[in-house]
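Novice: mind looking at a prediction? Sequence and model below.
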Amino acid sequence: MNDSVYVGNAGQDAALDRGWLLGHFKDVSDPRHSEAVEIKWGVHPRGDERARWVRGEKRTALLVLVSGRFRVELPGRSVVLSRQGDYVVWGHGVDHSWFAEEESVVLTVRWPSVPGYRVDDEDSGHSEDGAVAGERSLPQAG
């Protein structure tokens, strides 16, 4: 097999790395390593929510609803993704958060892939970003 090719299953691989399939946080020898883009297959149980708002965003993001009902919170506005294929895009400087109104699967694409957005759940050691261990979290970031 060619080392520059990776074949997998989003549902299975996502479970191994908090949903992240591609980004700067993958090992540089992994074909899924990218500093240009991040891709996440997010599986969210009903009631799952962002630990903190992302503040000072330096990336552009696209969220596409695969299944469920998923709410994205933006300054002064809530966007509810309720039909398969519904999506929202935002750019640099747009603060945001999210909430799974129903069990949901959401495909997220963010670019560029940059460190500094990791948010750890202090009780479980869980991280909502695929950033490498020990990376410094920004206040209110994620």
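Specialist: Arrived safely. Numbering: from 1, shown residues only.
Novice: averaged over its residues, which helix or strand of the chain has the lowest pLDDT?
Specialist: Across the helices and strands of the chain, mean confidence by mean pLDDT, DSSP states H and E is lowest for strand 126-127: a mean of 35.
Novice: any stretches of this structure with poor pLDDT?
Specialist: 1-2, 116-142 (pLDDT under 70).
Novice: try 90
Specialist: 1-3, 14-18, 20, 25, 51, 54, 56-58, 114-142 (pLDDT under 90).
Novice: so where do the helices sit in the chain?
Specialist: 10-14 (DSSP state H).
Novice: mind listing the strands for it?
Specialist: 20-22, 38-44, 60-67, 70-74, 77-81, 87-90, 97-100, 104-111, 120-121, 126-127 (DSSP state E).
Novice: those: which one's closest to Arg50?
Specialist: strand 97-100 (4.2 Å; CB to CB). All C-beta atoms are positioned from the backbone trio N, CA, C, and that covers glycine.
Novice: quick one: list the elements packing against that closest one.
Specialist: strand 70-74 (3 or more CB pairs under 8 Å, 6 or more residues apart in numbering; DSSP states H and E).
Novice: could you redo the last one with a cut-off of 10 Å?
Specialist: Strand 97-100 is packed against strand 38-44, strand 70-74, strand 77-81, strand 104-111, with contacts defined by 3 or more CB pairs under 10 Å, 6 or more residues apart in numbering; DSSP states H and E.
Novice: neighbouring strands - and their directions - for the third one?
Specialist: This points to strand 77-81. strand 70-74 (antiparallel) (DSSP bridges).
Novice: ok, back up a step: and the helices and strands packed on strand 97-100 as CSV, adding mean neighbour count and distance to Leu62?
Specialist: Output for the helices and strands packed on strand 97-100, formatted as CSV (neighbours: other CB atoms under 10 Å; distance: least, CB to CB, whole Å):
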stretch, mean neighbour count, distance to Leu62
strand 38-44, 21, 10
strand 70-74, 19, 11
strand 77-81, 14, 12
strand 104-111, 19, 5
